[in-house]
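Peer 1: Fold the stuff below for me.
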Amino acid sequence: MSSSTEPERKDEEETAPHDDEDTGAQVAPIVKLEKVTVSTGEEEEDPILDLYGKAKLYRYDKEGNQWKERGAGTVKLLKHKESGKVRLVMRQSKTLKICANHLVHSTMTVQEHSGNEKSCVWHASDFADGELKEELFCIRFASIESEYFSV
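Peer 2: Numbers count the residues shown, from 1 in each chain. Predicted coordinates:
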């Protein structure tokens, strides 16, 4: 028995309205939105390889003589359905902004970067910034596990 003069408090659960409870209030939309078809530019291509997981892409800045981060996200190799050309596309995880977009040629060489088996480097003519530009790239994966690779 409590000799307190305070009134009994109900648990917050009992007094708080539930998220799925219908209050009967109706809110009219302020702006009417129409469905928009979004094009990724990948509709005419088939994925050959999706590299899920955390990958970071860097480009070499010749003027500053240093590596600069280009983005972190998912890497795809896509093969065009008609021409058969293969391109590498990398999009940033949250914004889906393209941070790498270039064709993959048979003459390209991909090498392990400085003895680190989780990273590799290559040269490519990239179009991610809207203009064709010769770049030296380095990509670093969080792990070398094959769980990141899928078709």
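
Peer 1: State the number of residues packed around the nearest residue to residue 108 once chain neighbours are set aside.
Peer 2: Closest residue in space to residue 108, ignoring its immediate chain neighbours: residue 122 at 5.8 Å, by Cβ to Cβ, 6 or more residues apart in numbering. Quick note: C-beta positions are derived from backbone N, CA and C, even for glycine. Using other Cβ atoms under 10 Å, residue 122 has 17 other residues around it.

Peer 1: Repeat that for the one 3 residues further on.
Peer 2: The local packing count at residue 125 equals 11, with neighbours defined by other Cβ under 10 Å.

Peer 1: again, but for the one 4 residues further on
Peer 2: When neighbours are counted by other Cβ under 10 Å, residue 129 registers 12.

Peer 1: Could you do the one 10 residues further on as well?
Peer 2: The criterion is other Cβ under 10 Å. On that basis, residue 139 has 21 neighbouring residues.

Peer 1: So in that sheet, which strands flank the lengthiest strand in the chain, and in what orientation?
Peer 2: Using DSSP state E, we find that the single longest strand of the chain is strand 45-61. The strands that strand 45-61 pairs with in its sheet are strand 66-80 (antiparallel), strand 133-141 (antiparallel), strand 149-150 (antiparallel) (by DSSP bridges).

Peer 1: which of the residues in the second one are buried?
Peer 2: Residues of strand 133-141 classed as buried by neighbour count (16 or more other Cβ atoms under 10 Å): 135, 137, 138, 139, 140, 141.

Peer 1: do the same with stretch 116-126
Peer 2: Neighbour-count burial for stretch 116-126 [16+ other Cβ under 10 Å]: 119, 120, 121, 122, 124, 126.

Peer 1: swap in stretch 54-64?
Peer 2: Buried residues in stretch 54-64 (16+ other Cβ under 10 Å): 55, 56, 57, 58, 59.

Peer 1: Quick one: the strands in the protein, in order.
Peer 2: For the chain, the strands defined by DSSP E occupy 45-61, 66-80, 86-92, 98-103, 111-113, 116-126, 133-141, 149-150.

Peer 1: contact partners of stretch 116-126?
Peer 2: The contact list for stretch 116-126 (Cβ atoms under 8 Å, 6 or more residues apart in numbering) reads 59, 88, 100-104, 108-113, 132-144.
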